[in-house]
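In: just to be clear, the model below is a prediction. Sequence and coordinates:
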Amino acid sequence: MIVDASGQILGRLSTEVAKILLNGEEVIIINAEKAIITGRPDEIVKRYRQRWNRGDPHHGPYYPKTPNGILRRSIRGMLPYKKPRGREAFKKLRVNVGNPENLKGEKLTKGKKDIECRYITLEDLTK
């Protein structure tokens, strides 16, 4: 299954993809940098900056700093990845920044047109 993340809310997209992965399907996500996080942009950046700066760079905790890494990490959090079933499901996930193979993806959840609050894209968050 190919999923287009442009304009999709990060948490809702992650839950839908996690359900599909647990059913045994392979999922390719394109345009990961265009997924959005709802809320006040300055508060979201502050929260993520605290996560990135936490801990020791040699001993962790490690937190992704790229759009595809953040999306993969949010999906991993919704899988039982410490158990064999979750590990196998997580291996079937591919996340791409942009659309390298010019694939056609489908939208799974409500998108940017349906929300009326403020938001920030993963691309703007990782700058």
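Out: The structure has been received and is ready for your questions. Numbers count the residues shown, from 1 in each chain.
In: report the beta-bridge partners for the closest residue to residue 121 other than its chain neighbours.
Out: Excluding its sequence neighbours, the residue lying closest to residue 121 (Cβ to Cβ, 6 or more residues apart in numbering) is residue 36, at 5.3 Å. Just so you know, the C-beta spots here come from the backbone N, C-alpha and C atoms, and that holds for glycine as well. Per DSSP bridges, the residues bridged to residue 36 are residue 9, residue 121.
In: please shift the residue numbers so they start at 44 in all later answers.
Out: Yes, from this point I'll number from 44; that puts the last item at residue 79.
In: hmm, residue 74 is touching residue 143, no?
Out: No: if you go by Cβ atoms under 8 Å, residue 74 and residue 143 don't touch, sitting 10.4 Å apart.
In: sorry, back to before: distance check, the residue nearest to residue 164 against residue 113.
Out: 12 Å (Cβ to Cβ, to the nearest Å).
In: joint contacts of these two?
Out: 53, 165 (Cβ atoms under 8 Å, 6 or more residues apart in numbering).
In: more neighbours, residue 74 and residue 143?
Out: residue 74 (22 against 8; other Cβ atoms under 10 Å).
In: mind checking how far that one is from residue 135?
Out: Relative to residue 135, residue 74 is positioned 19 Å away (Cβ to Cβ).
In: on that earlier part again, the residue nearest to residue 164: how many residues sit nearby?
Out: With other Cβ under 10 Å as criterion, residue 79 counts 23.
In: ditto for residue 101
Out: 5.
In: what's the spacing between it and residue 141?
Out: For residue 101, the distance to residue 141 - Cβ to Cβ - is 32 Å.
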